[in-house]
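Visitor: Have a look at this fold, sequence not included:
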């Protein structure tokens, strides 16, 4: 704060905001973001909304458009009640991975908070969305709003034609299978709105053909000697094993009508869109926090932010970035904001002011001074798991006082197997990195076999990882949903 | 480059469709909660929003997910204080697993009950459901009473449209007097004097001095006039309006009920629905409604609402005692000239023999004259209702009341066996309301 330039006139004074002030502040923020940090962002669209609209956006998973379903209503009444009771405040902003990048700012924010929010969302998140390889490969920022609009229209039309209840039943089933319906390994087929339409047409033709093939099967009953060779061929033709459950059901279910297949496709496309976000929580939030922290500090240093505004910003900043201890009453595991921000600040420190330890751990970057390039490279090419694996420094482990705990189901105790010391650094880092791997959290479930000519019994396989079983009650209920849209029995093989 | 869009004026209830779908989903549970709360609430409080909680089984959203127990797991935690590598920590009992492998779902899953608030509108819709009200009536019941602005003096703040010119000018005048603002005449006179003096060809010293003096005086007056404005913001007054419900009138509603042993829970709950409906109707029309509860066995007494619905008494049944009590209360507290009197009576139709004629006489000679409306419901078993489908036959009380009904158009009577039977009793009342004919 010592080298503040007192000569410049601050951007604003006091808490009230208006559009002129926001525009002026935006321009100042943009200058720092583009000229100094050299961020690469989608054009910004900043929308001011009221708290009711924020609640609305909350309950439709943060998207501005969504088809109708009771579960969003449930989320809405829940959020609304929590908000009314004062149990939790609202987020200051919501940002959407789209081109142009839409950020929602709450009208109740003070001017200082609007600056914070714009720097955080419109530049931090925006840069990350545009540059991170997961988002670039797996989600379609240009098309998402159009697609959601199409989805909303299509489902409304289905409700009109087939009744709300029918659609609701289908969506319930689709939502249950949603988390198990992303392509984790291969890239999803890319399709535009026009493709959607042509595909719908093709689907109708396909449907007619399906009927023919059923009749064919009646006409020429094959000798039921199911040799291994035949089963292998069958599996190959259907692309089995298949990890994307809805994709398989959509393509091969013997009972669904074409509109139902389309609904399933919509749900799994939305699941796919959100998949990268789940893998980059720490990095995404860390990037946004790092950017807002850097920008607001620069603005303050050049005299564009008053001390009062800066203190308010720091107050909110620290609120978000608390990391409660494991035994604190508000413990919630690792706070992705805190970890991401701390790691990125640490990378900057290692680049500009390294210690002996840093030189030993990060010989490539220590003292190089090029923290902008290194951070941007990290934002573009890593996800949480690999980022932690690559950049978690002993310094951060000590600061967070991390320790790793082993829980062997059969034993009555936990074991502390490593702490933040010389011997434990590597193990703590490995464990933490694995903890951020979504593949660790999501059960690995695949469809392995089905005989469409025979009993049409859908066989699923769950690969146990570290012996962690499935939740029996939830998976039975989910299987029920799967049976409903598959039309025949579905079960896990033993 | 950035776009700024002000979305605050966009429609807010984007989620209404989702909310409606959600309510339909939990309908049966919510309906139960609403009925329960009608039973619990005071009659006058029925038309309000309500906290309901529904069991979460109908609204679960299952996924394939890992069990929170079992298997071999590693985690990293923060905030180590005393642990060293190799330490063993006892697991908390019941396998809660510290803070658990999975954090609680954000959408309230995992709780046994899901709580939320029903709006007044939703609450009433559910309450009306098995009363089978016509839509028109439903709508008019849900309406919030219309209010009209009434003049209530003046305020210092308001909109220009409400500016009171005369009051503002009066204040300004008083202030000008008090502050001694120079008037036009004063200034004109002085200006003229100065002009005259200035017009002189060769003024002597004395004249010059006088002219100087007068000119200074004039300057002073002009300055003073500038400082003390003709109208100051302090003077401005606006007419003040207060919203008053329309029509503003008072009503009293008498609830009469037989509480002898033959009235069970079902009967009482039906009676309550009947009273609530009448009360809701009255609330639309009257600013202030007082409720009087009279229960009777062989003797009648005025009681509070709780006692009325929940306490039991044993004894015979003498209906006329309640009517007598009502008459007494009207004479003492609610003169018919000042109050709109409504009465609702619920009974199972039994009466001490010989008393029914007395009741009819009482009604004919005294009560019907001062009542706006008297509704009588006889609560019967569903099986009984099917047998007694004729209006003509019935027990003694029913037959006596038939005479009253024939003589007085504002006397309504009906047998009810289920909630949907209640509305026809009040039908006439609502019909009059919707026709816009006032009976008040």
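Guide: Looks like it came in fine. Since the structure is predicted, the reported quantities are computational estimates derived from the model, not experimental observations.
Visitor: ok, and for stretch A:358-376, which residues are buried?
Guide: A:358, A:361-362, A:365-366, A:371, A:374-376 (16 or more other CB atoms under 10 Å in any protein chain shown). (Glycine included, C-beta is placed from N, CA and C.)
Visitor: which two of these lie the greatest distance from each other?
Guide: Across the buried residues of stretch A:358-376, the longest distance by CB to CB is 20.9 Å; it joins A:361 and A:376.
Visitor: In helices only, show me the buried residues of stretch A:358-376.
Guide: Among the buried residues of stretch A:358-376, the members found in helices (DSSP state H) are A:358, A:361, A:371, A:374-376.
Visitor: Save the residues you listed as TSV, and put in distance to residue B:179 and pLDDT too.
Guide: Below are these laid out as TSV (distance: CB to CB, whole Å; pLDDT from 0 to 100):
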residue	distance to residue B:179	pLDDT
A:358	78	90
A:361	82	91
A:371	70	91
A:374	74	92
A:375	70	93
A:376	71	93
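Visitor: Residue A:146: which of the residues you listed is nearest?
Guide: residue A:376 (29.5 Å).
Visitor: show me what contacts the closest one?
Guide: Taking CB atoms under 8 Å, 6 or more residues apart in numbering or on different chains as the contact definition, residue A:376 lies against A:38, A:131.
Visitor: how close does it sit to residue B:38?
Guide: According to CB to CB, to the nearest Å, residue A:376 and residue B:38 sit 63 Å apart.
Visitor: Also residue B:214?
Guide: According to CB to CB, residue B:214 stands 87 Å off from residue B:38.
Visitor: With residue B:259 instead?
Guide: Between residue B:259 and residue B:38 the distance is 19 Å, computed by CB to CB.
Visitor: more crowded one of these two?
Guide: residue B:259 (27 against 19; other CB atoms under 10 Å in any protein chain shown).
Visitor: quick one: the more buried one and residue B:313 touch, right?
Guide: Yes. Between residue B:259 and residue B:313 a contact is recorded at 5.4 Å, counting by CB atoms under 8 Å.
Visitor: Please enumerate the shared neighbours of these two.
Guide: Shared contacts of residue B:259 and residue B:313, counting by CB under 8 Å, 6+ apart, come down to B:295, B:297.
Visitor: any idea which helix or strand carries whichever residue of the stretch 51-200 of chain A sits closest to chain B?
Guide: Closest residue of the stretch 51-200 of chain A to chain B, CB to the nearest CB: residue A:73 (3.2 Å). Residue A:73 is located in helix A:70-85, with elements delineated by DSSP states H and E.
Visitor: Run the chain-centre distance for that helix.
Guide: 21 Å (CA atoms, centre = their mean, to the nearest Å).
Visitor: Would you mark the buried spots in it?
Guide: By neighbour count, and taking 16+ other CB under 10 Å as the criterion, the buried residues in helix A:70-85 are A:70-83.
Visitor: With stretch B:289-296 instead?
Guide: Neighbour-count burial for stretch B:289-296, with 16+ other CB under 10 Å as criterion, is recorded at B:289, B:291-296.
Visitor: just stretch A:455-473 next, same as before
Guide: A:456, A:458-460, A:462, A:468, A:470-471.
Visitor: Check those residues and tell me the two furthest apart.
Guide: A:456 and A:468 (30.5 Å).
Visitor: so what pLDDT did residue 107 get?
Guide: Let's take chain A. Among the per-residue scores, residue A:107 shows a pLDDT of 85.
Visitor: Oops, wrong one, chain B.
Guide: At residue B:107, the pLDDT value in this model is 39.
Visitor: Can you give me the buried ones in stretch B:251-267?
Guide: Using 16+ other CB under 10 Å as the burial criterion, the residues of stretch B:251-267 that qualify are B:251-260, B:263, B:267.
Visitor: Stretch A:396-416 now?
Guide: By neighbour count, and taking 16+ other CB under 10 Å as the criterion, the buried residues in stretch A:396-416 are A:396-397, A:400-407, A:409, A:414, A:416.
Visitor: quick check, that stretch touching chain B?
Guide: Yes. Between stretch A:396-416 and chain B, judged by CB under 8 Å from any CB of the partner chain, the touching residues are A:400-409, A:412-416.
Visitor: Now do the end-to-end distance for that stretch.
Guide: The separation between the terminal residues of stretch A:396-416, taken as CA to CA, to the nearest Å, is 19 Å.
Visitor: quick one: contacts for the residue in chain A that chain B sits nearest to?
Guide: Checking chain A residue by residue against chain B with CB to the nearest CB singles out residue A:325 as nearest, at 2.5 Å. Taking CB under 8 Å, 6+ apart, we find residue A:325 in contact with A:331, A:401, B:78-79, B:81.
Visitor: where along chain B do the strands fall?
Guide: Listed in chain order, the strands of chain B (DSSP state E) span residues B:2-6, B:50-55, B:72-77, B:88-90, B:113-118, B:147-155, B:238-245, B:250-258, B:288-296, B:300-303, B:340-347, B:371-379, B:411-416.
Visitor: Put together JSON lines for those strands, with mean pLDDT and distance to residue A:207 on each row.
Guide: Formatted as JSON lines, the entries for these read as follows, by pLDDT from 0 to 100; distance: least, CB to CB, whole Å:
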{"stretch": "strand B:2-6", "mean pLDDT": "82", "distance to residue A:207": "42"}
{"stretch": "strand B:50-55", "mean pLDDT": "73", "distance to residue A:207": "39"}
{"stretch": "strand B:72-77", "mean pLDDT": "85", "distance to residue A:207": "46"}
{"stretch": "strand B:88-90", "mean pLDDT": "84", "distance to residue A:207": "59"}
{"stretch": "strand B:113-118", "mean pLDDT": "74", "distance to residue A:207": "40"}
{"stretch": "strand B:147-155", "mean pLDDT": "82", "distance to residue A:207": "60"}
{"stretch": "strand B:238-245", "mean pLDDT": "82", "distance to residue A:207": "62"}
{"stretch": "strand B:250-258", "mean pLDDT": "84", "distance to residue A:207": "64"}
{"stretch": "strand B:288-296", "mean pLDDT": "85", "distance to residue A:207": "63"}
{"stretch": "strand B:300-303", "mean pLDDT": "86", "distance to residue A:207": "70"}
{"stretch": "strand B:340-347", "mean pLDDT": "85", "distance to residue A:207": "61"}
{"stretch": "strand B:371-379", "mean pLDDT": "84", "distance to residue A:207": "58"}
{"stretch": "strand B:411-416", "mean pLDDT": "82", "distance to residue A:207": "55"}
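Visitor: Now do the domain split for the chain, please.
Guide: Answering for chain A, as no chain was given. Per the record's domain assignment (automatic domain parsing), chain A is made up of the domains A:19-132+A:280-314, A:144-221+A:238-278+A:443-492, A:321-441.
Visitor: looking at chain B here, not the other one
Guide: Using automatic domain parsing, chain B is parsed into the domains B:1-56+B:111-131, B:160-239, B:248-435.
Visitor: nearest to chain A, of those domains?
Guide: Proximity to chain A, assessed across the domains of chain B by CB to the nearest CB, is greatest for domain B:1-56+B:111-131 (3.2 Å).
Visitor: Quick check: next helix or strand after the helix or strand residue A:206 falls within?
Guide: With elements delineated by DSSP H and E, residue A:206 resides in helix A:193-219, which encompasses its position. Secondary structure here is assigned by DSSP H and E; on that basis, the next helix or strand after helix A:193-219 toward the C-terminus is helix A:228-238.
Visitor: now for the buried residues of stretch B:289-296, which pair is the farthest apart?
Guide: Looking across those, with CB to CB as the criterion, the two at the greatest separation are B:289 and B:296, at 22.1 Å.
Visitor: Could you grab the helix/strand/coil label for residue A:462?
Guide: Three-state call for residue A:462 (DSSP: H, G, I helix; E, B strand; the rest coil): strand.
Visitor: Next up, the contacts around it.
Guide: Counting by CB under 8 Å, 6+ apart, residue A:462 has contacts A:443-445, A:470, A:492, B:64.
Visitor: Of all pairs in the residues you listed, which one is the farthest apart?
Guide: When the contacts of residue A:462 are compared pair by pair using CB to CB, the farthest-apart members prove to be A:444 and A:492, with a separation of 12.1 Å.
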